[in-house]
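Peer 1: need a structure here:
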Amino acid sequence: MREVPIERVRNIGIIAHIDAGKTTVTERILYFTGRTYKIGEVDEGTATMDYLPQERERGITITAAATSCTWRDHLINIVDTPGHVDFTVEVERSLRVLDGGIVVFEAVHGVQSQSETVWRQADRYRVPRICFVNKMDRLGADFWRTVEMIRDRLGARPVALQIPIGAEASFQGVVDLVEEVAWLFSDDPDAPPQRIAIPYELREEARKRREQMIEALAEVDDQVLISYVEGHALSPQEIKKAIRRATISYLITPVLCGAALRNKGIQPLLDAVVDYLPSPADLPPVKGADPETGQEVQRHPSDDEPFAALAFKVVADPYVGRLVYLRVYSGCIRQGANVYNSTRRHRERMGRIMRVHANRREDIPEVRAGMIAATVGLKNTFTGDTLCSESHPILLEAIRFPEPVVAVAIEPKSQDEQEKLALTLARMSEEDPTFRYRYDPETGQTIISGMGELHLEIVVDRMRREFGMEARVGRPEVAYKETITRPARAEGRFIRQTGGRGQYGVVVVEVEPLPRGSGFQFEDRTVGGVIPKEFIPAVEKGARQALESGVLANYPVIDVKVTLVDGQHHPVDSSTFAFEMAGAIAVREGLRQGEPVLLEPIMKLEIATPEEFFGDILGDIVARRGHVVHVDHQGHLRLITALVPLAELFNYATDLRSLSQGRATYTMEFDHYEPLPQSLAEAIVGRAKGAVRR
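Peer 2: Predicted coordinates for the structure are as follows:
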């Protein structure tokens, strides 16, 4: 039997800019739903959801943590995600499998750069969401300015469902515009909210704001429009149903407010999750492809449908081993059952199935449609893989991950630990798809790459603590990429004749540049069987290998299309290996002819600075080869948005502190790649060639 009907399940993520208060909101949710008996605090290092030592020491969330709780007989599965840009992969893979989201905004700064990033990620996966304007007790808090920023900067249609009672130090509660009552909250978490009539001084504003709320609903909901035009009064239940319909259809975004650290506004937020965010049954059936035919296949969120699930996270747990997190879209699976990995086309066996609460787990006998769980025993299942019934296969859309932008060289303290280093890096790259490692045969170095300096610092720290791997790490360097600027045609020949059977493969390819962000594409346009079909995948594999190390300075090659147009084979001597090598030779020759260039990562930098330091900071941005995109005012602060090469931003935190006497703050995130200026590119190519000669 299912514990809770699927209609009473909510799978939600809590997403926001760093320091907006996501983990604090989650801790209060867990306390008020009775999931925990004591409130954990981020600043004290006691937060339930920040369980890694690195999280507790730094006071930030690094890895997405899952938990569950109940509210009004509904089961709420929650994923608390990081806000720091270096760990955006955790947000990406969480949103891929969640049905709804709470986007937390800081009431003082409103919409910040990472707020925009997570909002776009939620848009990409069509995740309905509600907004929670947190820290209403802070100096400078402004609820209505934040609502307007959500409208202007995110292109959303926010609909305020509450009015704050007071602000800053006087914030004490909210007016509920749907029920037309007010709620007062105490700092004491054990004191229940006090329901009162709307304060007299707020009645006129509440009437106007409620009218605006109903008008906004009438614009997107026909039932409300009919009642509005005919002058019928809408009951709170009718309004709630309309808000739910519009939220699930991505037509509006409800906005609530509170101060999580002071235990204010959490109960109405939980009510909004139950009332307005979708259950798995409210969403359209998940779409995938038949692995054999490529035709579209659908799975409805029902226990009676064939089993289909997406593996969205892999964790190397020191106690239970390799833990794979699953979101089940349809069907039911029990411990010990056989499943089919349609991504990698092999069978797996489900071991223990567990419900997760941060770093604690409880065994459950089965997992059903709409649920999130973790399992051990899946040896060859990785992030983004589809698990399904072998008799009814389906391949779900995989998760796309951004390219790493920072790299460092790493080596073990002793030569004896070289093999241990390779195993450790392999396990960590399994967990984190934005962490990459490669061995550079020309310099003899192992290079690890990640999303930023903090990302790599955490990786090295975890290697030491969790895997006992002491390593020497070089200076962080920019993870440059290579690409080509014009099409080229090239031939690759791999012909070896020894005493017995030889090797024979001839490949002709065309390489051409693609728009930024397109990645790698491969197309087979051979005709007449010049290359037998069984050797085509080998040519593609050789092409991919060739793109791992470019021809200018050995950096990976991106945004290139390789088209196989011709070739030759030998009835006896041709082999998979021969065509793999021929493909690699042809592509490398094509890269040389395609006028290759170096690409550097450009970061989007957002700086908040007092007015008196504005000129100095602006001049510093220009000196770093950056250009200013936008300048705005926010109270006494100037907000600068600029695009700056990552190579110019190492140690920027220290430089900005000295420029502004420690009063300016900044955030940055990867924006795009663009060609490196010729003089700088020549210097980097020269250094790479010098390292090889040494």
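
Peer 1: tell me the pLDDT at the closest residue to residue 684 other than its chain neighbours?
Peer 2: Nearest residue to residue 684 in three dimensions, chain neighbours excluded: residue 553, at 5.6 Å (C-beta to C-beta, 6 or more residues apart in numbering). Where C-beta positions appear, they are placed from N, C-alpha and C, glycine not excepted. On pLDDT, residue 553 comes in at 87.

Peer 1: and residue 49, what's its pLDDT?
Peer 2: Residue 49 carries a pLDDT value of 66.

Peer 1: same deal with residue 85?
Peer 2: Confidence at residue 85, expressed as pLDDT, is 69.

Peer 1: could you give the number of residues near residue 642?
Peer 2: A count of nearby residues for residue 642, using other C-beta atoms under 10 Å, gives 22.

Peer 1: closest to the centroid, which residue in the chain?
Peer 2: residue 92 (2.0 Å; C-alpha atoms, centre = their mean).

Peer 1: which elements pack onto whatever helix or strand it lives in?
Peer 2: Residue 92 is part of helix 88-97 when elements are defined by DSSP states H and E. Under the contact criterion of 3 or more C-beta pairs under 8 Å, 6 or more residues apart in numbering; DSSP states H and E, helix 88-97 touches strand 9-16, helix 113-124, strand 308-317.

Peer 1: who are the contact partners of residue 220?
Peer 2: 157, 246, 249, 251, 252 (C-beta atoms under 8 Å, 6 or more residues apart in numbering).

Peer 1: for residue 625, same thing?
Peer 2: Contacts for residue 625 (C-beta under 8 Å, 6+ apart) come out as 644, 645, 648, 677.

Peer 1: and what about it, helix, strand or coil?
Peer 2: coil (DSSP: H, G, I helix; E, B strand; the rest coil).

Peer 1: and it, what pLDDT?
Peer 2: So residue 625 comes in at 94 (pLDDT).

Peer 1: for residue 188, give its distance to residue 264.
Peer 2: 11 Å (C-beta to C-beta, to the nearest Å).

Peer 1: chain center to the helix holding residue 92: distance?
Peer 2: Distance, stretch centre to chain centre, for helix 88-97: 4 Å (C-alpha atoms, centre = their mean, to the nearest Å).

Peer 1: angle of that helix against strand 9-16?
Peer 2: With axes from the mean of the first three to the mean of the last three C-alpha atoms, to 10 degrees defining the directions, helix 88-97 sits at 150 degrees from strand 9-16.

Peer 1: next SSE downstream of the helix or strand of the chain with the lowest mean pLDDT?
Peer 2: Of all helical and strand segments in the chain, the minimum by mean pLDDT, DSSP states H and E falls on helix 53-58, at a mean of 69. Sequence-wise, the next helix or strand downstream of helix 53-58 (DSSP H and E) is strand 65-71.

Peer 1: any idea of the angle the following helix or strand past that following strand forms with strand 65-71?
Peer 2: Counting by DSSP H and E, the next helix or strand C-terminal to strand 65-71 is strand 74-80. With the same axes, to 10 degrees as the basis, strand 74-80 and strand 65-71 are set at 150 degrees to each other.

Peer 1: for strand 74-80, what is the distance to the chain centroid?
Peer 2: On C-alpha atoms, centre = their mean, the centre of strand 74-80 falls 18 Å from that of its chain.

Peer 1: a markdown table for the contacts of residue 625, including neighbour count?
Peer 2: As requested, those are arranged in a markdown table below (neighbours: other C-beta atoms under 10 Å):
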| residue | neighbour count |
| --- | --- |
| 644 | 22 |
| 645 | 18 |
| 648 | 17 |
| 677 | 13 |
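
Peer 1: for those, which one is nearest residue 563?
Peer 2: Minimum distance to residue 563 across those is 30.8 Å, recorded for residue 677 (C-beta to C-beta).

Peer 1: skipping adjacent residues, who's closest to that closest one in space?
Peer 2: Counting by C-beta to C-beta, 6+ apart, residue 625 is the residue found nearest to residue 677 once chain neighbours are left out, at 8.0 Å.

Peer 1: repeat that for residue 339.
Peer 2: With C-beta to C-beta, 6+ apart, the residue lying closest to residue 339 is residue 387, at 4.7 Å.

Peer 1: ends of stretch 345-357, how far apart?
Peer 2: This stretch, stretch 345-357, spans 31 Å end to end (C-alpha to C-alpha, to the nearest Å).

Peer 1: could you do stretch 346-360 as well?
Peer 2: Taking C-alpha to C-alpha, the first and last residues of stretch 346-360 lie 30 Å apart.

Peer 1: follow-up on the earlier one: farthest-apart pair in the contacts of residue 220, please.
Peer 2: The span of these, defined through C-beta to C-beta, is set by 157 and 249 at 11.2 Å.
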